[in-house]
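K.L.:
After the sequence you'll find the predicted model.
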Amino acid sequence: MVPSQHDFVAYGPSHVVVLGVFAVGAAVLVWHGRRESAAQARLVSRILAVLLMAAFGTALIYKLIRPDLATSIPLQLCDIAELTAAYALWTQRHRAFILTYFWGLLLSSQALLTPDIGTPEEGAPDFPSHLFLTFFVLHVLVVWSAVYLTWGRGMRPQWRDYRFAVVATLGWLGFTFAFNTIAGTNYGYLNGKPPTASVLDVLGPWPLYLVIEILIVMGAWALMTWPWETARRQVSVRPERAARDQVVGRKVRSSDVSG
């Protein structure tokens with residue numbers, strides 16, 4: 001891989017190109033997904049899944065070239081989201097889609113908008129560094145997966161799915177927090193703030209910022225569920241209302257005849 005000759009700059013030329021590619025690709029996936037046959041949808045989903053796993057494997061190999069307990073284990077929530085998205089694409093399992101929807105659209109998308117590339121040792125290299133490429137390829141593919149399955153293939157979350165996503169995420173949080181405590185690591189910044197400035201700085205000290213972060217995420221996920229549930233209930237009410245109107249109409253006609 002050709003090394004980068006300069007540092008990555010947020011919303012610099014390379015970042016803008018990535019965001020442009022993401023926007024165009026998302027639009028194409030939605031447009032194509034709404035017109036696909038079942039066989040075409042299976043093919044597209046599995047191509048995306050294979051690309052995700054290939055990018056995940058490449059990133060993991062680079063991490064293991066110089067293994068470090070603090071960075072080489074795929075324990076970040078984005079790592080779990082990448083594997084989950086690949087599984088959702090390959091199997092079309094609803095619960096895997098749900099996690100891809102919530103984790104991808106809210107969390108992985110934030111990594112696209114406010115990227116944290118590289119390591120303290122290597123800095124934040126720009127294109128065509130492997131750190132730049134694997135970071136953006138993985139996050140773009142995860143968000144594309146969520147967009148494609150939701151707006152392209154018509155999969156939808158419900159309130160019970162919201163509860164499942166919250167429980168699953170809290171499970172990851174508890175496991176990773178325990179691992180960090182035992183191993184002296186800080187995956188997910190669950191045991192302390194990052195060494196550089198971040199949005200967590202405005203949420204207060206540890207552990208207060210964790211509580212606030214959890215509440216913000218739960219609130220955002222609720223807002224991401226509410227429109228779909230409202231639309232679903234409206235659709236389910238229409239047949240019931242039509243049937244009720246038919247019954248009322250028959251009674252009216254019957255009373256007119258008898259009168």
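P.N.:
That came in fine, so what should we check first?

K.L.:
And the residue nearest the centre of the chain?
P.N.:
Gly104 (0.7 Å; CA atoms, centre = their mean).

K.L.:
Make sure that residue is actually in contact with Val140.
P.N.:
No. Contact between Gly104 and Val140 fails when scored by CB atoms under 8 Å: they sit 10.4 Å apart. Where you see a C-beta, it was placed from the backbone N, CA and C, and this is true even at glycine.

K.L.:
Low-confidence bits of the stretch 1-150 of the chain, can you list those?
P.N.:
1-5, 118-123 (pLDDT under 70).

K.L.:
same thing but 90
P.N.:
Within the stretch 1-150 of the chain, the ranges that satisfy pLDDT under 90 run 1-10, 66, 71, 110-111, 114-126, 128, 130-131.

K.L.:
What segments of the chain are helices?
P.N.:
For the chain, the helices defined by DSSP state H cover 13-33, 38-65, 77-91, 94-99, 109-113, 130-147, 159-183, 208-258.

K.L.:
Packed most tightly, which of these would that be?
P.N.:
Highest mean neighbour count among the helices of the chain (mean count of other CB atoms under 10 Å): helix 130-147, with a mean of 23.

K.L.:
how much does that one deviate in direction from helix 13-33?
P.N.:
Between the axes of helix 130-147 and helix 13-33, defined by axes from the mean of the first three to the mean of the last three CA atoms, to 10 degrees, the angle is 30 degrees.

K.L.:
Helix 130-147 versus helix 38-65: what angle between them?
P.N.:
Using the same axes, to 10 degrees: helix 130-147 against helix 38-65 is 150 degrees.

K.L.:
And helix 130-147, what does it pack against?
P.N.:
helix 13-33, helix 38-65, helix 77-91, helix 109-113 (3 or more CB pairs under 8 Å, 6 or more residues apart in numbering; DSSP states H and E).

K.L.:
Dump it to PDB, keeping only the CA atoms.
P.N.:
In PDB, the C-alpha atoms belonging to helix 130-147 read as follows (Å, rounded to 0.1, in the frame of the first residue of the first chain):
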ATOM      1  CA  HIS A 130      -4.400   1.600   4.400                       C
ATOM      2  CA  LEU A 131      -5.800   3.200   7.600                       C
ATOM      3  CA  PHE A 132      -7.700   5.800   5.500                       C
ATOM      4  CA  LEU A 133      -9.000   3.100   3.100                       C
ATOM      5  CA  THR A 134     -10.100   0.500   5.600                       C
ATOM      6  CA  PHE A 135     -11.600   3.100   7.900                       C
ATOM      7  CA  PHE A 136     -13.800   4.700   5.300                       C
ATOM      8  CA  VAL A 137     -14.600   1.500   3.300                       C
ATOM      9  CA  LEU A 138     -15.900  -0.200   6.400                       C
ATOM     10  CA  HIS A 139     -18.000   2.700   7.700                       C
ATOM     11  CA  VAL A 140     -19.400   3.500   4.300                       C
ATOM     12  CA  LEU A 141     -20.400  -0.200   3.700                       C
ATOM     13  CA  VAL A 142     -22.100  -0.400   7.100                       C
ATOM     14  CA  VAL A 143     -24.200   2.700   6.600                       C
ATOM     15  CA  TRP A 144     -24.900   1.600   3.000                       C
ATOM     16  CA  SER A 145     -26.100  -1.800   4.400                       C
ATOM     17  CA  ALA A 146     -28.500   0.000   6.800                       C
ATOM     18  CA  VAL A 147     -29.800   2.300   4.000                       C
END
